[in-house]
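*Asks:* my questions concern the predicted model and sequence given below.
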Amino acid sequence: MNDFDIRMMLVEVRMRSNGTMPGTEKKKREKKASYSNKFEEMLYTKPNIEKMYDEFRENGNNNDLNAMIDYINDKELAITRYGATYQNIFDQVDAAITAKVEVTSPKLDFSGFPSNMGEAALEMTFGALGAVKSINCQPNDDGLTLYGTVEFEEIDVAKVCMKQYDGMDMGLGTVIKMDPVQ
């Protein structure tokens, strides 16, 4: 293998990892049942955080990326570490976290419903809002809650569901999360 072959292999590896290789696409991040830190949870559950993260990575903006990650994981430490220099990034992160995502599909991901409800009770709960096309759920790693996906017949029903259940406190620190599937 000569020097040219090695360089071409390196170019191919970089193109594959960036998702720019012809015939490859960037994979959509699939939600997990549990997360190792706050940043990872936000990356997988907040589309605006994912968008910021991807923009920083694509632009090679590692300092802003690190400030964002540190701020999400530990706000006080990040403010101490980065000071006022990155306040604009911190403001963007706060806005991205609190931004409401528009429901553009009749399909919603959910988590936080008690596991003792089971799929049948969840279908009845969602069915009270409107016709349910499909539902899929499974117990979370903690064994106390369920996560999954529900698809309604109409987008308007999904909007009502999102409004009614997203952020609902189920007690003992459990909050229902509803996220639209794009």
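*Replies:* Perfect, I can see it now.
*Asks:* for Arg14, which three-state class applies?
*Replies:* Look at Arg14: counting by DSSP: H, G, I helix; E, B strand; the rest coil, its state is helix.
*Asks:* from Arg7, how far off is it?
*Replies:* 11 Å (C-beta to C-beta, to the nearest Å). Every residue, glycine included, has its C-beta placed from N, CA and C.
*Asks:* if I look at the spatially most central residue of the chain, how far off is Val101?
*Replies:* Centroid check for the chain by C-alpha atoms, centre = their mean gives Thr45 as the closest residue, at 1.8 Å. Thr45 is 10 Å from Val101, where distance means C-beta to C-beta.
*Asks:* which neighbours do the two have in common?
*Replies:* Asp179 (C-beta atoms under 8 Å, 6 or more residues apart in numbering).
*Asks:* on that earlier part again, the residue nearest to the centre of the chain contacts Pro180, correct?
*Replies:* No. Counting by C-beta atoms under 8 Å, Thr45 stays clear of Pro180, with 11.3 Å between them.
*Asks:* give the contact list for Gly148.
*Replies:* 109-111, 122, 135-138.
*Asks:* and the helix or strand harbouring it, what's its mean pLDDT?
*Replies:* Using DSSP states H and E, Gly148 sits in strand 145-152. Mean pLDDT, computed over strand 145-152, is 90.
*Asks:* quick check: closest non-adjacent residue to Tyr71.
*Replies:* Ala78 (4.0 Å; C-beta to C-beta, 6 or more residues apart in numbering).
*Asks:* any idea how far Thr125 is from Ile155?
*Replies:* Thr125 is 19 Å from Ile155, by C-beta to C-beta.
*Asks:* neighbour count for these two, which is higher?
*Replies:* For the pair Thr125 and Ile155, the greater number of neighbours falls to Thr125 (17 against 14), based on other C-beta atoms under 10 Å.
*Asks:* so which of the contacts of Gly148 sit within helices?
*Replies:* Leu122 (DSSP state H).
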